[in-house]
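>>> I would like to see how this sequence folds:
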Amino acid sequence: MIERFLHGLQEKMEDPDVYEPMIVVVPGDLDPFDRHYRFSIHIDAELRLAGLGCSVGGGTLYRGVDEDEDEDGEDEIVSCILDVDATDVEGARALIRLHMPELGAPAGTLVQYGDYEDRFDGERWHLGEPRSIEEI
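Numbering: from 1, shown residues only. This is a model prediction of the structure:
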């Protein structure tokens, strides 16, 4: 019965063979499961439905992994990362900029692509700025 609603969606569920890598950086200490259910699944679904790519996972950015640990003996979590494989970078950027604030992205959220990034200040996006984080 449900198959009648899925016509045409099977190809959208496959990861693209040709894509440009992008990274969405969300500042703060966010649990990987929270990152996944709060941001990743929604961004992935929207990118796939629009034919702009997919969100293929993510990670956590720590400060001080190779340096001295903080006073509690743990590394500080700086941000979480969403990996995006974009088949259309401009379209994916626009879609991500639309949906991340709706999903509760905090000020300081970055959409990184190539040598540039779009930065959310909590109210508006600043587009095409040089990357503020060079290596993730």
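>>> all strands of this protein, in order?
20-27, 53-63, 76-86, 110-113, 116-120, 125-130 (DSSP state E).
>>> what number of residues lie near the nearest residue to residue 47 once chain neighbours are set aside?
Excluding the flanking residues, the one nearest residue 47 by CB to CB, 6 or more residues apart in numbering is residue 53, at 4.8 Å. For every residue, glycine as well, the C-beta is placed using N, CA and C. The number of residues packed near residue 53 is 25, by other CB atoms under 10 Å.
>>> Could I get the contacting residues of residue 77?
For residue 77, the contacting residues are 28-30, 60-63, by CB atoms under 8 Å, 6 or more residues apart in numbering.
>>> swap the cut-off to 10 Å and go again
Residue 77 is in contact with 27-31, 60-63, counting by CB atoms under 10 Å, 6 or more residues apart in numbering.
>>> For it, give me the pLDDT.
Residue 77 is assigned 76 on the pLDDT scale.
>>> what does the one 3 residues further on give?
At residue 80, the pLDDT value in this model is 92.
>>> Wait, the residue nearest to residue 47 touches residue 16, no?
Yes - with contact defined as CB atoms under 10 Å, residue 53 counts as touching residue 16 (6.0 Å).
>>> can you pull the contacts of residue 30?
36, 38-39, 58, 60, 77, 79-80, 106.
>>> what's the least confident helix or strand in the chain, going by average pLDDT?
The helix or strand of the chain with the poorest confidence is strand 53-63; it has a mean of 85 (mean pLDDT, DSSP states H and E).
>>> partner strands of that one, parallel or antiparallel?
The strands that strand 53-63 pairs with in its sheet are strand 76-86 (antiparallel) (by DSSP bridges).
>>> Single out the most deeply packed of the strands of the chain.
With neighbours defined as mean count of other CB atoms under 10 Å, those peak in mean count at strand 110-113, which reaches a mean of 24.
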